[in-house]
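# Have a look; sequence and predicted model below, questions after that.
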Amino acid sequence: MAFTNVSYQKVSLKYGIFVGLAHIVFFLIMRIFGLLHIVELSFFSSIFLIIGIVVAIANFKRARNGDINYFQGLAIGVTVGVVSSTLLALFLVFYISLFDATYLSNLQASSLFPRGLSMIALFALTIVYGTWPGFIIAFVAMQWYKRADHTMPERIR
């Protein structure tokens, strides 16, 4: 990638799509193995979000020859979170509407979601559950990537 063609929007959109697809694949694997009733397992897909954001920030910084500003890193995290969780939310609406309406009932029975959970609320909550962690993950990752040399301070070594 040439320095002038790299924007944090392009990088975060690319990795947001990758992470969203990973969430969907993980969901389908859980479905194949009959684990969808264990709602808590779905939170393991946050590993994809962590990896996606860290790799996106690292690639953006590398493509810009080490030039990254703090707010660009935060924006990458939030955008990756929004894009990936929106893809997952759209998939869930599609899945519940066409294939398995009982999945919404499983979520309502879980203590993690409200009893009166509607399809639109699930859509919104899925996006929120991806966006805020995206911000927090980027905030933590930028503590490392804001440094020019990516190394730990001398006093900690």
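All right, it came through fine.

# In the helix or strand bottoming out on mean pLDDT in the chain, which of the residues would be classed as buried?
Here the helix or strand of the chain ranked lowest by mean pLDDT, DSSP states H and E is helix 102-109, holding a mean of 82. Using 16 or more other Cβ atoms under 10 Å as the test for burial, helix 102-109 gives 103-104, 107. The C-beta positions use only the backbone N, C-alpha and C, and glycine is treated the same way.

# Contacts for that helix, please.
Here helix 102-109 makes contact (Cβ atoms under 8 Å, 6 or more residues apart in numbering) with 36-37, 39, 92, 95-96, 113-117, 119, 122.

# which helices and strands does the helix or strand following it pack with?
Counting by DSSP states H and E, the element after helix 102-109 in chain order, helix or strand, is helix 119-145. When contacts are defined as 3 or more Cβ pairs under 8 Å, 6 or more residues apart in numbering; DSSP states H and E, helix 119-145 sits against helix 46-63, helix 70-98, helix 102-109.

# ok and the first one relative to helix 70-98, angle-wise?
Between helix 46-63 and helix 70-98, the angle comes out at 140 degrees (axes from the mean of the first three to the mean of the last three Cα atoms, to 10 degrees).

# ok, residues contacting helix 46-63?
So helix 46-63 is contacted by 1, 3, 6, 8, 11-12, 14-16, 18-19, 22-23, 26, 67-68, 72-73, 76-77, 80-81, 84, 130, 133-134, 137-138, 141-142, 145 (Cβ under 8 Å, 6+ apart).

# Let's have the buried residues of helix 102-109 in TSV, adding distance to residue 45.
Formatted as TSV, these follow (distance: Cβ to Cβ, whole Å):
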residue	distance to residue 45
103	15
104	18
107	15
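
# ok so, going back, with residue 32 as the reference, name the closest of the helices and strands packed on helix 119-145.
Among these, the nearest to residue 32 by Cβ to Cβ is helix 70-98 (13.3 Å).
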